[in-house]
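J.: got a sequence here, can you build the structure:
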Amino acid sequence: MDMQATVGNVQHTYAAGYTYAYQSTAAAALSSHATNQVVYLTANGSLVSGSRIAGPNNTGAYGSADTSAIFGSYAVTNGDPIIGQSIGMRLSSEGIQSRFREDGESWVKTRLTNHANDFGAGRVIFSMSFQTNSLSSLVGVDHVLDMVFSQTGGEFGFEDNVPYFCIENDTAWKDSFSIASEDDCFRAGTKYVISFRAKKAINGDPTQNMVTASVGSYATNLVIGPAHDVYRLEVDSDEAGIATKAITVGFVAESVTEGGVNQYRFYDLDISAKYPDVERWFEDNNLAANGGVPPDFESRFYEPALSAWTNSLATMDVYYLRYATYRDWLKTNAVLKARMAEVFNEYGIKVALDDTRATWAHALNNYETPSYQASINVLQDLTDYGWSLCAVGLQSVLSKPWSGGDYAMSWRILDIVEYIMQVKPHFPDLEYGVIDALPVKGLEYKSHYTDLKNAVEAEGYTLDFIHQDFPVDYALENKNGVTFQTMVEVERFVRNEIGCRPGLFLTSSDGGKASDEAFRSDVVEGLDAYLAAGGGARHACLSAWFPYPVYSTPDEVDSSVNTNGATMLGTFLLADGIIDDYESVQGLPLSDGFETGFGNWVSADTNQVFIVNRTASEGSHSVLISDDKAGSMLTLAQPIDASAYATLSIGFDFMPLSMEGADEAYLEYYNGLEWEIVGAFGPSLRHVNKQWYATNIAVDAASYPMPQDACFRFRQAGTGIADFIYYDAITVEGN
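T.: You can find the predicted model right below:
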């Protein structure tokens with residue numbers, strides 16, 4: 001039996017960046033009917049490869065009321081051939097009979113694979129203006145999936161035609177409201193940003209001015225003043241301990257009053273998600289020698305050389321220390337050990353150990369259990385000298401060839417597991433991960449990463465990160481068939497499937513063998529291309545193990561005025577600037593035809609906003625916004641730094657469908673404080689259904705604020721009964 005997903009007379013379609021969860025529930029009427037129920041997702045009626053799930057149609061009891069459920073999920077990424085095809089599900093039975101009931105227990109649900117983008121200031125996953133319709137139902141709400149509003153006390157109202165929701169508190173009671181999801185959860189490795197406008201409208205008790213804002217189990221108090229102000233709260237899901245917990249955001253007055261009523265008005269509220277800021281890691285070049293260091297390794301920790309890299313010290317989050325560097329340069333040098341700790345601590349820099357002791361460990365110990373006491377001793381010595389340790393990265397354990405012949409992956413995994421089992425009890429607060437080159441070598445990695453994760457967890461521990469050893473020249477020159485998209489796919493697998501933080505060893509093999517300048521040129525070009533491809537490493541580490549660059553300092557980025565040429569730390573600062581650009585704002589110009597997905601745009605609700613492959617003004621795909629519930633939106637995924645431009649121009653094609661009367665759609669601009677309408681289209685404006693229109697709308701500094709976090713969104717505002725509008729060929733330019 002095939003089931004097809006539809007909205008009115010429009011079929012749902014698959015889109016990149018979304019995971020499709022599906023369930024079937026079946027029963028066996030008799031014991032002789034006991035068999036497996038089998039379910040596939042379908043795309044345009046054809047089976048989706050890799051989506052098959054099967055499981056019992058009974059629980060040991062039999063009858064139409066005794067059902068058994070099976071569950072699966074399928075993540076759609078860029079390039080998947082099913083993008084734009086209609087969503088469906090096929091129910092079948094391996095044996096004589098499985099009975100599926102029409103009770104809603106067999107379903108497909110859509111959720112964002114990640115709430116955050118790979119880079120950027122965050123994408124909106126919930127937005128509301130507190131506007132209600134004649135039935136007192138909220139409109140103008142963009143949901144993640146099933147986000148619902150609830151209140152205890154409080155009421156909706158208008159102030160100068162601006163809708164709000166207010167909560168009050170008195171001597172014996174406190175109002176509250178919340179937004180929650182029934183079946184979606186906070187993602188790990190994600191920072192949630194709650195932004196809203198509010199004011200204290202009634203001040204019966206001047207001593208009580210705080211509202212408690214809660215994000216999951218995390219709560220904090222915010223002082224709300226008498227003027228309209230924007231309030232912003234950022235919560236890291238990992239640090240707050242809310243990852244994998246149900247999404248809920250709430251507000252309540254912090255306490256009852258001592259006398260009189262206080263009232264707090266909320267005028268709009270957005271919830272967005274982004275990845276926490278990329279940590280900048282740095283590792284000295286070993287100049288292609290085991291235990292090698294640059295010629296200024298020691299001198300740069302003392303004046304006058306220290307002053308030549310203070311910008312890098314202020315930028316650096318983590319210094320990666322090679323085991324061999326400790327062994328040859330620090331183990332017996334108490335003065336340098338103490339001095340490095342002093343400098344790193346002054347600038348708040350943490351230290352991770354790049355440890356090679358686990359590489360081939362069992363093979364080097366005649367396949368007996370190896371001892372990692374030497375690594376424990378290193379970590380203890382550094383701790384005793386005041387180093388602020390944060391992590392251990394196990395170098396090339398999975399990927400480095402063994403000179404003695406084949407070294408099975410099972411042994412390599414055991415090397416890592418045994419290391420964590422021996423070392424972590426001594427240093428439980430450190431994070432443990434691997435540095436790996438399987439993907440850049442064009443080798444299978446997914447099954448090995450999965451086996452490693454499972455083996456570590458089987459012993460009661462966790463694998464915290466996987467750093468890609470991925471010289472960018474491999475992607476620049478397509479060596480081993482790898483591309484920047486390969487790097488991004490590895491990161492997404494590490495983040496979404498393994499549940500680890502992805503990291504990147506930023507380096508260039510060809511450049512490092514050629515010259516200081518060649519290394520810098522490759523790193524800058526490669527980093528920019530990697531980020532443009534959607535890269536989103538949580539840790540970005542500049543490293544080298546080649547003859548070049550020779551010097552680490554000074555950190556002057558202009559090599560023409562730098563006495564030591566294109567130094568490592570100069571390149572480090574250039575890389576930091578490139579990452580900053582991608583972390584903060586959307587670069588212009590941008591263009592989207594929706595041929596492979598939403599591109600630069602996002603909607604939290606694919607039940608109302610989705611890609612279609614049968615109607616387009618250009619190419620074969622467009623995006624369709626439905627209005628079966630009012631307020632469906634398509635929003636630019638990353639903000640624009642409008643302060644750099646006199647004018648922003650947005651061009652697009654649109655076609656209304658089944659819109660009539662007063663039905664309208666809007667283009668809205670975020671001016672740094674609120675959304676305002678800058679364009680409207682629909683029948684009331686003489687736009688005819690089933691006809692494409694091309695338009696261009698300009699936002700200029702003479703008429704609008706040009707903030708650093710400007711944004712555009714398309715919003716549907718029909719009657720809520722089968723109103724649709726197609727958009728295609730969207731461009732945004734700045735002048």
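
J.: when you work out contacts or count neighbours from here on, use the C-alpha atoms and nothing else.
T.: OK.

J.: so how far is stretch 76-94 off the chain centroid?
T.: For stretch 76-94, the distance between its averaged C-alpha position and the chain's averaged C-alpha position is 24 Å (C-alpha atoms, centre = their mean, to the nearest Å).

J.: for stretch 663-678, that is, sorry about that
T.: Here stretch 663-678 is found 26 Å from its chain centre; the criterion is C-alpha atoms, centre = their mean.

J.: export that stretch to CSV, keeping only CA atoms.
T.: Coordinates of the C-alpha atoms in stretch 663-678 are reproduced here as CSV (Å, rounded to 0.1, in the frame of the first residue of the first chain):
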residue,chain,number,x,y,z
ASP,A,663,-5.2,37.4,0.1
GLU,A,664,-1.7,38.9,0.0
ALA,A,665,1.9,37.9,0.4
TYR,A,666,4.6,40.1,1.7
LEU,A,667,8.3,40.7,1.4
GLU,A,668,9.6,41.9,4.8
TYR,A,669,12.9,43.5,5.8
TYR,A,670,14.4,43.2,9.3
ASN,A,671,15.7,46.7,10.2
GLY,A,672,17.7,45.7,13.3
LEU,A,673,14.7,46.2,15.6
GLU,A,674,11.6,44.7,13.9
TRP,A,675,10.3,43.4,10.6
GLU,A,676,8.6,45.8,8.2
ILE,A,677,6.8,45.3,4.9
VAL,A,678,8.7,46.5,1.9
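
J.: what sits up against that stretch?
T.: With contact meaning C-alpha atoms under 8 Å, 6 or more residues apart in numbering, stretch 663-678 is reached by 230, 679-684, 697, 699, 704-719, 723, 725.

J.: quick one, which of these are buried?
T.: Buried members of these, scored by 16 or more other C-alpha atoms under 10 Å, are 230, 681-683, 699, 705-719, 723, 725.

J.: let's see which of those end up in strands.
T.: When DSSP state E defines the strands, the subset of the buried ones among the contacts of stretch 663-678 inside them is Val230, Phe681, Val699, Cys711, Phe712, Arg713, Phe714, Arg715, Gln716, Ala717, Ile725.

J.: residues contacting the second one?
T.: Counting by C-alpha under 8 Å, 6+ apart, Phe681 touches Glu664, Ala665, Tyr666, His687.

J.: mind checking the SS state of Asn564?
T.: Classification of Asn564 by DSSP: H, G, I helix; E, B strand; the rest coil places it in coil.

J.: pLDDT at the residue nearest the centre of the chain, what is it?
T.: Ranked by distance to the mean C-alpha position of the chain (C-alpha atoms, centre = their mean), the top residue is Ala116 at 3.5 Å. With respect to pLDDT, Ala116 scores 78.

J.: so for stretch 638-651, what gets flagged as buried?
T.: Using 16+ other C-alpha under 10 Å as the test for burial, stretch 638-651 gives Gln638, Pro639, Ile640, Asp641, Ala642, Thr647, Leu648, Ile650, Gly651.

J.: roughly how far apart are the fourth one and Tyr670?
T.: If you measure Asp641 against Tyr670 using C-alpha to C-alpha, to the nearest Å, the figure is 11 Å.

J.: overlap of the contact sets of these two?
T.: Counting by C-alpha under 8 Å, 6+ apart, the shared contacts of Asp641 and Tyr670 are Asp709, Ala710.

J.: can you give me the neighbour number for Leu389?
T.: Other residues near Leu389 come to 21 when the count uses other C-alpha atoms under 10 Å.

J.: distance from the stretch of helix or strand Ala540 belongs to to the middle of the chain?
T.: Here Ala540 sits within strand 539-542, counting by DSSP states H and E. From the chain centre to the centre of strand 539-542 is a distance of 17 Å (C-alpha atoms, centre = their mean).

J.: partner strands of it and their direction?
T.: Partner strands and pairing direction for strand 539-542 (DSSP bridges) are strand 279-282 (parallel), strand 501-506 (parallel).

J.: what lies in contact with it?
T.: 278-283, 467, 501-507, 572.

J.: I'd like the next helix or strand past it.
T.: Next in sequence after strand 539-542, counting helices and strands by DSSP H and E, comes helix 568-584.

J.: list the buried residues for that following helix?
T.: The neighbour-count criterion (16+ other C-alpha under 10 Å) identifies 568-576, 579, 582-584 as the buried residues of helix 568-584.

J.: output those residues in JSON lines; the columns should cover pLDDT.
T.: Written out in JSON lines, the entries for these read as follows (pLDDT from 0 to 100):
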{"residue": "Met568", "pLDDT": "98"}
{"residue": "Leu569", "pLDDT": "97"}
{"residue": "Gly570", "pLDDT": "96"}
{"residue": "Thr571", "pLDDT": "97"}
{"residue": "Phe572", "pLDDT": "97"}
{"residue": "Leu573", "pLDDT": "96"}
{"residue": "Leu574", "pLDDT": "95"}
{"residue": "Ala575", "pLDDT": "95"}
{"residue": "Asp576", "pLDDT": "93"}
{"residue": "Ile579", "pLDDT": "87"}
{"residue": "Tyr582", "pLDDT": "70"}
{"residue": "Glu583", "pLDDT": "65"}
{"residue": "Ser584", "pLDDT": "58"}
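
J.: tell me if Trp411 really is in a helix.
T.: Yes: residue state for Trp411 (three-state DSSP) corresponds to a helix.

J.: domain parsing for the protein?
T.: 2-112, 123-274, 279-584, 590-734 (automatic domain parsing).

J.: sorry, back to before: would you confirm that the residue nearest to the centre of the chain contacts Pro276?
T.: No: between Ala116 and Pro276 there is no contact under C-alpha atoms under 8 Å: 9.5 Å.

J.: and for these two, which residues touch both?
T.: In contact with both Ala116 and Pro276: Thr190, using C-alpha under 8 Å, 6+ apart.

J.: and the pLDDT for the closest residue in space to Gly291 that isn't next to it in sequence?
T.: Ranked by C-alpha to C-alpha, 6 or more residues apart in numbering and with sequence neighbours excluded, the top spatial neighbour of Gly291 is Ala324, at 4.6 Å. pLDDT recorded at Ala324 is 98.

J.: so Ala324 sits in a helix?
T.: Yes: according to three-state DSSP, the state of Ala324 is that of a helix.

J.: surely it touches Val293?
T.: No: judged on C-alpha under 8 Å, Ala324 makes no contact with Val293 at a distance of 9.8 Å.

J.: tell me which of the two has more neighbours.
T.: Per other C-alpha under 10 Å, whichever of Ala324 and Val293 has more neighbours is Val293, with 23 against 20.

J.: give me every residue that touches the more buried one.
T.: Asp284, Asn285, Asn286, Leu287, Thr325.

J.: and the third one, how far from Ala544?
T.: Asn286 sits at a distance of 7 Å from Ala544 (criterion: C-alpha to C-alpha).

J.: the more surrounded of the two?
T.: Applying other C-alpha under 10 Å to Asn286 and Ala544 shows that Ala544 carries more neighbours, namely 25 against 22.

J.: how far away is the more buried one from Pro471?
T.: Applying C-alpha to C-alpha, one obtains 9 Å for the distance of Ala544 from Pro471.

J.: with Trp675 instead?
T.: For Trp675, the distance to Pro471 equals 43 Å [C-alpha to C-alpha].

J.: in this structure, where is pLDDT below threshold?
T.: 7-11, 117-123, 134-136, 139-146, 583-587, 604-607, 627-631, 661-662, 683-685, 718-722 (pLDDT under 70).

J.: quick one: the helices in it?
T.: Assigned helices in the chain, in chain order: 237-240, 310-315, 323-325, 334-346, 361-364, 373-384, 409-423, 446-458, 472-476, 484-492, 509-514, 516-532, 568-584 (criterion: DSSP state H).
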